[in-house]
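S.K.: Here is the input, now give the coordinates:
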Amino acid sequence: MFQFFWSLGAFLVALGILIAVHEYGHFWVARRCGVKVERFSIGFGKVLLRRIGKDGTEYSLSAIPLGGYVKMLDSRVEEVPDHLKAQAFDAKTVWQRIAIVAAGPLANFAFAIFAFYVMFLMGVPTVRPVVGEVAPSTIAAEAAISPKSIITRVGQRETVDWEAVNLAMVEYIGNEQMTLTLEEDGRPRTVNLNISDWKVQPDKEPLFVSLGVMPWRPQVSNVLGLVTEEGAAYEAGIRVGDKLMAVNGEPYHDWELLVAEVEAHPGKAMSFTIQRDFNSMTLTVVPDEVTSEEGRLVGKVGISPTMEPWPKEYQVDLSYGLLSAVGPSLDRTWQLVELTLKTIGKLFTGDLAVSNLSGPISIAQGAGSTAGFGLVYFLGFLALISVNLGIINLLPLPVLDGGHLLYFAVELVTGKPVPERIQDVGYRIGSALVLMLMIIAIVNDVARL
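M.R.: Numbers count the residues shown, from 1 in each chain. Model prediction:
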């Protein structure tokens with residue numbers, strides 16, 4: 001239950017920030033163009049809180065937090081007094097209206113750059129993409145990728161960590177070949193992967209895992225390094241420093257298998273055999289029932305193992321100074337823009353299934369998990385969603401900013417506005433398409449629970 005409210009809270013904070021940034025872009029440029037703004041709202045529907053500013057604008061918080069809007073004076077919507085007609089949106093030049101509409105998505109891109117900038121100033125601790133194991137009979141195995149290889153490039157893009165590897169691989173979905181540059185024993189080696197039969201499930205596993213590559217990790221010990229006092233293991237008598245010897249009568253040999261076993265037994269008694277001070281004892285532990293991030297009921301006992309430290313040569317700290325952080329921030333934002341555009345293209349070509357679309361539930365889970373890791377990771381998540389929000393709003397659907405920009409482009413070419421009747425039909429079609437995409441995304445979210 002705590003995880004649910006944590007994810008919900010992080011989701012509302014993230015969405016509130018991104019909506020405010022987007023709408024403020026419209027608001028700021030509209031004011032600079034001399035347009036009277038009647039309402040600045042975070043959310044839709046019933047107004048919960050409102051305040052009238054000194055500028056005469058109503059600032060409000062509404063009940064449905066899945067968007068927002070800036071209501072501008074517009075003679076097409078309401079009767080405008082003669083003394084205010086010059087401040088109406090529709091009275092402005094085409095270029096001014098284009099600037100006002102485009103300012104929302106542009107604000108999202110600017111925020112992504114800012115979020116990455118702060119993230120790189122704070123520093124991002126990460127590890128190099130060192131191959132641990134290569135699964136047999138996989139694409140990676142056929143390319144003879146060996147353990148302890150370091151993936152330094154995917155195509156022409158440098159990869160400093162596993163996140164960079166995963167992002168770089170997205171653009172190869174649907175292609176026939178992928179080129180990796182590896183570092184093996186200090187020497188570079190280039191391998192060409194045949195990915196014509198590459199089966200990807202980005203919502204379930206990283207792309208490099210679907211190729212057969214498993215990241216290297218330090219060895220996990222059977223000595224417990226953490227036992228939470230509120231957990232089921234502590235209540236059963238297990239303590240820090242105990243050696244885990246067996247679970248349910250089966251010798252312990254793999255931490256991931258243990259986690260899966262515990263998660264499969266919520267509220268059901270399990271036997272843990274431990275060794276303490278050379279004495280062996282078997283204790284009964286009843287895992288607590290916990291709702292996972294995916295919404296499943298799983299077991300938790302509140303223990304963590306000790307782990308050997310990461311070798312220093314594998315550790316990377318992506319930290320920059322006030323000026324040097326600008327370049328990486330711009331590069332990461334542009335990479336996400338390219339990635340998002342290519343992903344949308346692959347959805348249309350069928351190279352990427354629509355089952356990979358994510359909706360508010362997945363966003364809430366992502367917000368909750370990244371917020372739990374710390375501010376640095378939450379900033380990275382905000383930047384990712386902000387870029388996606390900016391690009392989606394630029395799609396040429398009449399109900400979105402991109403649709404308005406399309407109408408304005410037609411007006412620039414023809415010298416007159418698109419007829420109201422055609423605009424109305426376009427809004428109806430655009431609304432239906434957006435609603436359909438939202439339904440697909442939500443259905444996908446529910447299917448992943």
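
S.K.: which outside residues touch stretch 167-186?
M.R.: By Cβ atoms under 8 Å, 6 or more residues apart in numbering, the surrounding residues in contact with stretch 167-186 are 143, 145-146, 148-155, 157, 159, 188-196, 198, 200, 202, 207-208, 211, 335-336, 338-339, 342-343, 346, 349, 351-352. To be clear about C-beta, it is placed using only N, CA and C from the backbone, and glycine gets the same treatment.

S.K.: repeat for stretch 121-133
M.R.: If you take Cβ under 8 Å, 6+ apart as the criterion, stretch 121-133 is touched by 145-151, 159-165, 208, 213-217, 310, 313-322, 325, 375-376, 379-380.

S.K.: which parts of that stretch are buried?
M.R.: Going by neighbour count (16 or more other Cβ atoms under 10 Å), the buried part of stretch 121-133 is 124, 126, 127, 128, 129, 130, 131.

S.K.: Check these against residue 402 and report the nearest one.
M.R.: Residue 402 lies nearest to residue 124 out of the buried residues of stretch 121-133, by Cβ to Cβ, at 32.2 Å.

S.K.: Check the closest one and give its pLDDT.
M.R.: Note for residue 124: predicted pLDDT of 85.

S.K.: Run through the bridge partners of it.
M.R.: residue 318 (DSSP bridges).

S.K.: do the same with the one 10 residues further on
M.R.: On DSSP bridges, the residues paired with residue 134 through beta bridges are residue 213.

S.K.: Around it, count how many other residues there are.
M.R.: 20 (other Cβ atoms under 10 Å).

S.K.: From what I see, it and residue 146 are in contact.
M.R.: Yes: here residue 134 reaches residue 146: they are 7.1 Å apart, a contact under Cβ atoms under 8 Å.

S.K.: Strands of the stretch 51-200 of the chain, start to end?
M.R.: 58-72, 124-127, 131-134, 150-154, 157-158, 177-184, 187-194 (DSSP state E, counting those that start in this stretch).

S.K.: The last one vs strand 177-184, what angle?
M.R.: Regarding strand 187-194 and strand 177-184, their directions subtend 160 degrees when assessed with axes from the mean of the first three to the mean of the last three Cα atoms, to 10 degrees.

S.K.: Name the strands paired with strand 187-194 and say parallel or antiparallel.
M.R.: strand 177-184 (antiparallel).

S.K.: Check the fifth one too.
M.R.: Partners of strand 157-158 in the sheet, by DSSP bridges, are strand 150-154 (antiparallel).

S.K.: Kindly export the strand it pairs with (C-alpha atoms) in CSV.
M.R.: The C-alpha trace of strand 150-154 is given here as CSV (Å, rounded to 0.1, in the frame of the first residue of the first chain):
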residue,chain,number,x,y,z
ILE,A,150,33.1,-3.9,-22.6
ILE,A,151,30.6,-2.4,-25.1
THR,A,152,32.1,1.0,-26.0
ARG,A,153,29.9,1.8,-29.0
VAL,A,154,26.6,0.8,-30.6
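
S.K.: Check the offset of that strand from the chain's centre.
M.R.: Chain-centre distance of strand 150-154: 23 Å, with Cα atoms, centre = their mean, to the nearest Å.

S.K.: what about the protein, any weak spots by pLDDT?
M.R.: For the chain, the stretches flagged by pLDDT under 70 are 1-8, 203, 293-294, 350-373, 437-438, 440-449.

S.K.: In terms of position in space, what residue lies nearest the middle of it?
M.R.: residue 381 (4.9 Å; Cα atoms, centre = their mean).

S.K.: Spatially, which residue comes closest to residue 38, not counting chain neighbours?
M.R.: Excluding the flanking residues, the one nearest residue 38 by Cβ to Cβ, 6 or more residues apart in numbering is residue 71, at 4.7 Å.

S.K.: residue contacts, that neighbour?
M.R.: So residue 71 contacts 37, 38, 39, 40, 41 (Cβ under 8 Å, 6+ apart).

S.K.: So which of those is the closest to residue 138?
M.R.: residue 41 (50.9 Å).

S.K.: Does that closest one touch residue 63 like I think?
M.R.: No: here residue 41 does not reach residue 63: they are 10.5 Å apart, not a contact under Cβ under 8 Å.

S.K.: Which one's more surrounded, these two?
M.R.: It is residue 41, of residue 41 and residue 63, that has more neighbours when counted by other Cβ under 10 Å, with 20 against 10.
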